[in-house]
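In: this one's sequence-less:
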């Protein structure tokens, strides 16, 4: 009898621990939706971001990476929190040059295969700050780094779908950035443990 | 004025009658499947029965081979980037970015003709040709497309068989255009090269449903002691009329969707003989201008004002009217001629003016179009050896045509055209020609035609041709 009680208590405790471990954090929700880019062949590479969130956000401890491979910037669009250092790697078999004419212009010079250069996106006067990434050696190469205020940001896939995880409950203005198209921001209310939905249609 | 180069084919030589020559040139019409490939769309998007353009095709042409309200996803063959768009902001420290077509933008047109002609000779005999299988009669190779946002190009090389059996090759078109380089879209376009001038928009090349060109407007020859007797032909000076093709610079634009303005400065009359490799017969340039207004239907830039276009792509209930003027200078270009007694003399066309009106009315399946052209010349006659003046005459002439196209089915069209030229020479009758044509699309890019053409003054001058054109 006592042994049974001990087993029951132990089982209940274990179940409680397991359930607690698998439950989503009750304080955060998510923002999900679909973006349609009118007139473009792809709905990918739209940056969807929370315009402003309370608090100070530290950039990730490890640099974000933008690679150059097959004479393309990969990813084509990389959103980062202000202060983030981006490591520009060269996975090609030829040299590249990385520079941007935007905001605090920079030119990382030319570097060969297997090498990399870092640049910190330390400031942004008005969010978002978009930096086009160019290569002087291969003028057709183009990528974008979009500096935002907080980590509540995502980029769309080809179908235009996105999900921003871990957004604290609250009311936000959600905005979009695209190199050629635009749309006004929308108000979104995030409820803890739930997914708020917002869709955008971008045009010229 | 820039006279056309050597005629590649003469379908019909309506022979000398009442002292006047009628020579009929085939049209140099173009349908460019390179665009069909680029947009993965049918010929019918831009053509009624190719090469005749519909309203959308006209907007596509005027916009520099860009669709109205074109977006990137309309372009199915993605272009090759020659520079990221951000390089525009770096100019002049970087090359302005551009694009190449995703595929080599080539297209081919072939024309087969079964030729039957009858022509009255000067000596009263009749020369006839029966079932001359001219397979092929002509081949055209096109390269056309866009080079990024504001640059487009068009070129055409034509291979044709000459009456002496040789094959001629001619660069019919080779032009580069800068489309809307500044200001409002389509307000200003700039073209340079060898091209069909927009002074004749609406009644040549891309609008003509017949195989025969409108010679009354493009082939008049004013050279003669009485101001010319008719159309230019074999052995006579090249036509001095409205030019079917020019070498020079043209600007044009569309104002408020409805007004087309055109201006051009071009080489004039070709050298009378091969003169030290010159392309222009003298140092003077010819000038032209045109102003059109379109009432109703689709705007000249494709704008529909919020309305839906008709499902029948050939319909465009509208009226387009235009006024045109061309001023040429033939000073120092000598044409050998003879006086009434047969004595040799030289003639220079010091100044010539061509001005006229154009109209095109679309009502459901019917399109009636026409143009009226008045020409004046200032001809200086002089001794060939001494250069002594024999006087100056100022002849004028009048030419006009009216054409009706009726679409019976999307694949079947009937056409009738009447055209006439009244030369200055009082001893010459007006030239009058009728053209009847039935055209059928066997496929969207294969057209069969039966065309009958008749000299309305002399019944022994006529032709009946069967033709097949296809484009790929």
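Out: Yes, it's here. Every value quoted in this text rests on a predicted model; they were computed, and no experiment measured them.

In: isn't residue B:111 right next to residue B:136, touching?
Out: Yes. Applying Cβ atoms under 8 Å, one finds residue B:111 in contact with residue B:136, separated by 6.1 Å. From N, CA and C alone the C-beta is placed, and that goes for glycine too.

In: Which one of these two is surrounded by more residues?
Out: Ranked by neighbour count (other Cβ atoms under 10 Å in any protein chain shown), residue B:111 and residue B:136 place residue B:111 first, with 23 against 17.

In: can you pull up the bridge partners for the more buried one?
Out: Going by DSSP bridges, residue B:111 is paired in beta bridges with residue B:138, residue B:469.

In: again with residue B:370
Out: With DSSP bridges as the rule, residue B:370 is bridged to residue B:359, residue B:402.

In: cool, residue B:178 as well?
Out: residue B:151, residue B:190.

In: what residues are up against it?
Out: For residue B:178, the contacting residues are B:150, B:151, B:189, B:190, B:191, by Cβ atoms under 8 Å, 6 or more residues apart in numbering or on different chains.

In: Would you reformat those as JSON lines and include neighbour count, distance to residue B:174 and pLDDT?
Out: Listed next are these as JSON lines, based on neighbours: other Cβ atoms under 10 Å in any protein chain shown; distance: Cβ to Cβ, whole Å; pLDDT from 0 to 100:
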{"residue": "B:150", "neighbour count": "18", "distance to residue B:174": "19", "pLDDT": "95"}
{"residue": "B:151", "neighbour count": "17", "distance to residue B:174": "14", "pLDDT": "97"}
{"residue": "B:189", "neighbour count": "22", "distance to residue B:174": "17", "pLDDT": "98"}
{"residue": "B:190", "neighbour count": "16", "distance to residue B:174": "16", "pLDDT": "97"}
{"residue": "B:191", "neighbour count": "22", "distance to residue B:174": "11", "pLDDT": "98"}
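
In: Of these, which is the nearest to residue B:31?
Out: residue B:191 (20.1 Å; Cβ to Cβ).

In: these two touch, right, the closest one and residue B:174?
Out: No. Between residue B:191 and residue B:174 there is no contact under Cβ under 8 Å: 11.0 Å.

In: Show me what from chain A comes close to chain B.
Out: A:38, A:39, A:40, A:41, A:101, A:132, A:134, A:139, A:140, A:141, A:142, A:179 (Cβ under 8 Å from any Cβ of the partner chain).

In: Check the closest residue to the first one other than its chain neighbours and give its pLDDT.
Out: Translated: residue A:38. Using Cβ to Cβ, 6 or more residues apart in numbering or on different chains and skipping residues adjacent in sequence, the residue nearest residue A:38 is residue A:203, 4.7 Å away. Turning to residue A:203, the model gives it a pLDDT of 94.

In: Show me the helices in chain A, by range?
Out: Assigned helices in chain A, in chain order: A:2-22 (criterion: DSSP state H).

In: Now do the longest strand out of those in chain A: which elements does it pack against?
Out: Longest strand in chain A, counting residues (DSSP state E): strand A:28-37. Applying 3 or more Cβ pairs under 8 Å, 6 or more residues apart in numbering or on different chains; DSSP states H and E, one finds that strand A:28-37 makes contact with strand A:47-50, strand A:161-168, strand A:170-177, strand A:186-190, strand A:195-197, strand A:200-202.

In: per-residue confidence averaged over it?
Out: 97.

In: Ok, stretch B:364-381 next?
Out: pLDDT averaged over stretch B:364-381 gives 97.

In: List the buried residues of that stretch.
Out: Neighbour-count burial for stretch B:364-381 flags B:367, B:369, B:370, B:371, B:373, B:375, B:376, B:377, B:378, B:379, B:380, B:381 (criterion: 16 or more other Cβ atoms under 10 Å in any protein chain shown).

In: and which of those residues is nearest to residue B:354?
Out: Using Cβ to Cβ, these come closest to residue B:354 at residue B:375, 4.8 Å.

In: Now do the same contact list for the closest one.
Out: Neighbours of residue B:375 in contact, by Cβ under 8 Å, 6+ apart: B:220, B:222, B:241, B:352, B:353, B:354, B:396, B:397, B:398, B:399.

In: distance of the fifth one from residue A:40?
Out: Translated: residue B:353. Plainly put, residue B:353 is 51 Å away from residue A:40 if you go by Cβ to Cβ, to the nearest Å.

In: same question, the first one
Out: The spacing between residue B:220 and residue A:40, counted by Cβ to Cβ, is 52 Å.

In: before we move on, back to that, show me the residues of chain A next to chain B that map onto strands.
Out: A:132, A:134, A:142.

In: Any idea how many residues pack against the first one?
Out: Close neighbours of residue A:132, defined as other Cβ under 10 Å, add up to 19.

In: Show me what residue B:247 is bridged to.
Out: Applying DSSP bridges, one finds that residue B:247 bridges with residue B:194.

In: and chain B, which residues reach chain A?
Out: Counting by Cβ under 8 Å from any Cβ, chain B sits next to chain A at B:71-74, B:78, B:80-87, B:89-90, B:94-95, B:97.

In: Tell me which of those residues fall in strands.
Out: Taking DSSP E, the ones among those that sit in strands are B:80, B:81.

In: Helix or strand: which one has residue B:463?
Out: Secondary structure assignment for residue B:463, by DSSP states H and E: strand B:462-471.

In: Which residues belonging to that strand are considered buried?
Out: B:462, B:463, B:464, B:465, B:467, B:468, B:469, B:470, B:471.

In: right, and the first one touches residue B:452 too?
Out: Yes. Counting by Cβ under 8 Å, a contact exists between residue B:462 and residue B:452, whose distance comes to 7.1 Å.

In: Report the closest residue of chain A relative to chain B.
Out: residue A:39 (2.9 Å; Cβ to the nearest Cβ).
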